[in-house]
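[1] Coordinates for the following, if possible.
(one chain, ligands or ions: 1)
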Amino acid sequence: MTASSDAALAGAATVDPGASRLPVRRALISVSDKTGLAELGRALTDQGVQILSTGGTAQALRAAGVAVTEVADVTGYPEMMDGRVRTLHPAVHGGLLALRDNPGHVADMQAYGIEGIDLLVSNLYPFEAVLEKGASIDDCIENIDIGGPAMTRAAAKNHAHVAVVVDLEDYAPLLAQIAEGGTTAAFRRQLAQIAFARTAAYDTAVSTWLAGVTGGDQPPRRRAFAGTLAQPLRYGENPHQTAAFYRSAHARTGVATARQWQGKELSYNNINDTDAAYELVADFAAADGPACAIIKHANPCGVARGATPAEAYARAFDCDRTSAFGGIVALNRPLDGPTAEEIVQIFTEVVIAPDADEAARAVFARKPNLRLLTAGGLPDPTAAGDVLRQVAGGYLVQSRDAGRISRDDLRIVTQVQPTAAQLDDLLFAWTVAKHVKSNAIVYARDLATVGIGAGQMSRIDSTRIGRRKAEDMAAALGLDAPLTEGAVVASDAFFPFADGVEALAEAGAVAVIQPGGSMRDAEVIAAADRLGLAMVFTGQRHFRH
Ligand SMILES: NC(=O)c1ncn([C@@H]2O[C@H](COP(=O)(O)O)[C@@H](O)[C@H]2O)c1NC=O
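    Next up, the predicted model:
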């Protein structure tokens, strides 16, 4: 019996699938991210753990004064093929996979001189980071780690005997366990779950990238999606539902990446509504100036542009002051003191903006329950990306609605021509309508919404609701007439009948923007001309369900 097989058998003697601890005698460390490596190596050595490592990791450990055995000395083969083959050897995989309490496995270890490996610390070639930097296809390919995931999966499969650590945040708990005499079965099982999720996410990134490289208009036969826990949530949409928030690999700037300065934990509904709010204001280009959206239940109850963020907020608030209570406020410009002073006048759940100056933060600090988020930037509304939704037994995947139009895309279809100011308002209302649940009708005037009809099963009902909201607001503000009089209107999809346009004219609207494309377009256009409304077609629809 060799010294190696002695070690393997010694391991077998201590195996206990229950609560008792497994000592760590031999560890393999192979990491691309070498953060915390020196401290980990020293601490393991102090605990009497023998360390094996691949080339770069071994070099870094030695530089930190940690004694280490090269994997090449264990396998008897040098690292070869530019590092493509290094740890792919029975001396490594046998050491990770052997069941120490299985006589056949132990006999194999003895026969081939394989020593058990009790701990694997592994993090992978940084494929995701290399991809994000826009590397060439060849660079991306070379950064697909093969040996690392193979070892990670082997160790995770054999978690009855082996601990596997893939995250830096698990170094400290690992050392704490070793200091107490070894790893517990529960800890190793938890680490194995994390390890399999990590390799799955890694392969997801590779396969998603390959789907893009391969191109073609056919959806890939197999797809994978992955995420990392960003926040456990107390409950879901309702208190009896469980929930959690996961961040995707290429997290888009927004609610998932924002810094929370104050306030209670975000809830499931907060996150959903904040996302809707921030995506909306991001759709206003830099040239549009400050824009503000106030969201309730994922629909805007007020959106406006303004000369300043404070003015944009005040004008958005004036669209529907009642619904704005308890809303989510998003701005596309940094928050300043005056804007914060306006916002804190009523109860607001969440405020999100690219940044907040000290004055703004001081104002919000007076309302400790208000959640203040800064995202550092805005999501890119033109960026490609997928939107995922689950249905019974499957997932629906579509590209994000990055559709945008400019004045040049508009087709004026009525004899009545819109004025330049009306065209500005029409484009504003159209941008808002894209973010309103269908059927969406948005009345706007002077770059502010004045009535929004959202999520109705008939378009005509949305026209009526938007009008009624404007009437209520006019009464509350003591105006002579609702602001729908003289307003423009956006409709997210075509009018199937002329009655929708008739309802808008009755509300006092003067111009309409809509995709067109109904079999009754001619009737709809004739009605607009008869009623004195200008109408423009976008040729693009913005359903949102
Ligand atoms: N080819 C192999 O057998 C192999 N074994 C381990 N690796 C990876 O090599 C990296 C560490 O390399 P180094 O220790 O040389 O810095 C780790 O990210 C590890 O996952 C490998 N590399 C790629 O597949």
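
[2] so where do the helices sit in the stretch 251-400 of the chain?
    For the stretch 251-400 of the chain, the helices defined by DSSP state H, counting those that start in this stretch occupy 268-282, 309-317, 321-324, 337-343, 358-365.

[3] okay, the ones you listed in CSV with mean neighbour count and distance to the ligand next?
    C-beta: built from backbone N, CA, C; applies to glycine. CSV is the format used below for these (neighbours: other C-beta atoms under 10 Å; distance: least, C-beta to the nearest ligand atom, whole Å):
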stretch, mean neighbour count, distance to the ligand
helix 268-282, 23, 33
helix 309-317, 24, 46
helix 321-324, 17, 51
helix 337-343, 22, 46
helix 358-365, 17, 41
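
[4] Can you say which helix or strand has the closest residue to the ligand within the stretch 151-300 of the chain in it?
    For the stretch 151-300 of the chain and the ligand, the shortest gap (C-beta to the nearest ligand atom) falls at Met151, measuring 6.5 Å. Met151 belongs to helix 147-157 when assigned by DSSP states H and E.

[5] from memory Trp261 sits against Leu372, does it?
    Yes - Trp261 lies in contact with Leu372 (C-beta atoms under 8 Å); the separation is 4.3 Å.

[6] Give the residues shared as contacts by these two.
    Common neighbours of Trp261 and Leu372 (criterion: C-beta atoms under 8 Å, 6 or more residues apart in numbering): Ala356, Arg361, Phe364.

[7] Can you name the residues bridging to the first one?
    The partner list for Ala356 in beta bridges (DSSP bridges) reads Leu335.

[8] Do you know the pLDDT at it?
    On pLDDT, Ala356 comes in at 98.

[9] I figured it hits Gln260, correct?
    No - Ala356 lies out of contact with Gln260 (C-beta under 8 Å); the separation is 11.4 Å.

[10] Between these two, which contacts overlap?
    When contacts are counted by C-beta under 8 Å, 6+ apart, the set common to Ala356 and Gln260 consists of Leu372.

[11] Among Trp261 and Leu372, which residue is more densely surrounded?
    A direct count of neighbours by other C-beta atoms under 10 Å for Trp261 and Leu372 places Leu372 higher, at 25 against 16.

[12] Tell me who's in contact with the more buried one.
    Taking C-beta under 8 Å, 6+ apart as the test, what Leu372 contacts is Gln260, Trp261, Gln262, Gly263, Val350, Val351, Ala356, Arg361, Phe364.

[13] go with 10 Å
    By C-beta atoms under 10 Å, 6 or more residues apart in numbering, the contact list for Leu372 reads 258-263, 335, 340, 343, 348, 350-353, 356, 360-361, 363-365.

[14] Outline the domain layout of this structure.
    With automatic domain parsing as the criterion, the domains of the chain are listed as 22-214, 259-374, 408-537.

[15] chain center to the last one, what's the gap?
    What that stands for is domain 408-537. How far domain 408-537 lies from its chain's middle: 33 Å, per C-alpha atoms, centre = their mean, to the nearest Å.

[16] ends of it, how far apart?
    11 Å (C-alpha to C-alpha, to the nearest Å).

[17] now the first one
    Domain 22-214 has its terminal residues 46 Å apart, counting by C-alpha to C-alpha.

[18] what mean pLDDT does that domain have?
    Averaged over domain 22-214, pLDDT sits at 96.

[19] for that domain, the distance to its chain's centre please.
    With C-alpha atoms, centre = their mean, you get 28 Å for domain 22-214.

[20] and the gap between the closest residue to Thr184 other than its chain neighbours and the ligand?
    In space, and not counting its chain neighbours, Thr184 is closest to Arg21: 5.7 Å by C-beta to C-beta, 6 or more residues apart in numbering. Remark: distance between Arg21 and the ligand (C-beta to the nearest ligand atom, to the nearest Å) = 27 Å.

[21] Any idea how many residues pack against Arg21?
    Per other C-beta under 10 Å, the neighbour tally for Arg21 reads 16.

[22] so what's it up against?
    By C-beta under 10 Å, 6+ apart, Arg21 lies in contact with Thr14, Gln177, Ile178, Glu180, Gly181, Gly182, Thr183, Thr184, Ala185, Phe187.

[23] Up against the ligand, what does the stretch 1-150 of the chain have?
    30-32, 54-57, 83-88, 122-125, 145-148 (C-beta under 6 Å from any ligand atom).

[24] These, buried ones only, as a ChimeraX selection?
    Applying 16 or more other C-beta atoms under 10 Å to these, the buried members can be selected in ChimeraX as follows:
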select :30,31,32,54,57,86,87,122,123,124,125,145,147,148
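
[25] Just the ones in strands from the residues of the stretch 1-150 of the chain next to the ligand, please.
    Judged by DSSP state E, those include Ser30, Val31, Ser122, Asn123 as members of strands.

[26] quick one, what contacts the last one?
    With contact set as C-beta under 10 Å, 6+ apart, Asn123 has these partners: 29-35, 37, 57, 145, 148, 152, 165-168, 198.

[27] go on, the third one?
    By C-beta under 10 Å, 6+ apart, Ser122 lies in contact with 28-32, 54, 57, 87, 145, 147-152, 155, 164-166, 195, 198-199.

[28] now do the second one
    Residues touching Val31, when contacts are defined by C-beta under 10 Å, 6+ apart, comprise 37, 40, 53-54, 56-57, 60-61, 121-124, 148, 165-166, 168.

[29] count of residues packed around the spatially closest residue to Arg400 that is not a sequence neighbour?
    Closest residue to Arg400 apart from its sequence neighbours, by C-beta to C-beta, 6+ apart: Gly385 at 4.8 Å. For Gly385, the tally of surrounding residues (other C-beta under 10 Å) stands at 12.

[30] Need the contact partners of stretch 385-399.
    Contacting residues not belonging to stretch 385-399 are listed as 208, 219-220, 223, 225, 248, 250, 252, 379, 384, 400-402, 545 [C-beta under 10 Å, 6+ apart].

[31] And the average pLDDT for it is what?
    pLDDT averaged over stretch 385-399 gives 91.

[32] what's the span of stretch 235-244 from first residue to last?
    The straight-line separation of the ends of stretch 235-244 (C-alpha to C-alpha) is 8 Å.

[33] Could you confirm whether stretch 155-171 reaches the ligand?
    No - Stretch 155-171 lies out of reach of the ligand by C-beta under 6 Å from any ligand atom, never closer than 9.7 Å.

[34] For that stretch, list every residue counted as buried.
    Buried residues in stretch 155-171 (16+ other C-beta under 10 Å): 155-156, 158-166, 170-171.

[35] So Trp209 is in contact with Gly134, correct?
    No - with contact defined as C-beta atoms under 10 Å, Trp209 does not count as touching Gly134 (11.7 Å).

[36] Now the common contact residues for those two.
    Listed contacts common to Trp209 and Gly134 are Cys140; contacts here mean C-beta under 10 Å, 6+ apart.

[37] Looking at those two, which one has more neighbours?
    Neighbour count, other C-beta under 10 Å: between Trp209 and Gly134, Trp209 has more, with 17 against 8.

[38] can I assume Gly508 is in contact with Thr463?
    No - Gly508 lies out of contact with Thr463 (C-beta under 10 Å); the separation is 12.0 Å.

[39] what sits in contact with each of those two?
    Both Gly508 and Thr463 are contacted by Tyr443, Thr484, under the criterion C-beta under 10 Å, 6+ apart.

[40] Pick out whichever of these two has more residues nearby.
    Set Gly508 next to Thr463 and count neighbours by other C-beta under 10 Å: Thr463 wins out with 29 against 16.

[41] give the contact list for the more buried one.
    Shown in contact with Thr463 (C-beta under 10 Å, 6+ apart): 439, 441, 443, 451, 453, 456, 484, 489, 491, 495, 499-504, 506-507, 509.

[42] what's the answer for Leu119, then?
    22, 24-29, 44, 49, 51, 96, 155, 162-165, 174, 178, 182-183, 188, 191.

[43] 7 Å instead?
    Val24, Ala27, Val162, Ala163 (C-beta atoms under 7 Å, 6 or more residues apart in numbering).
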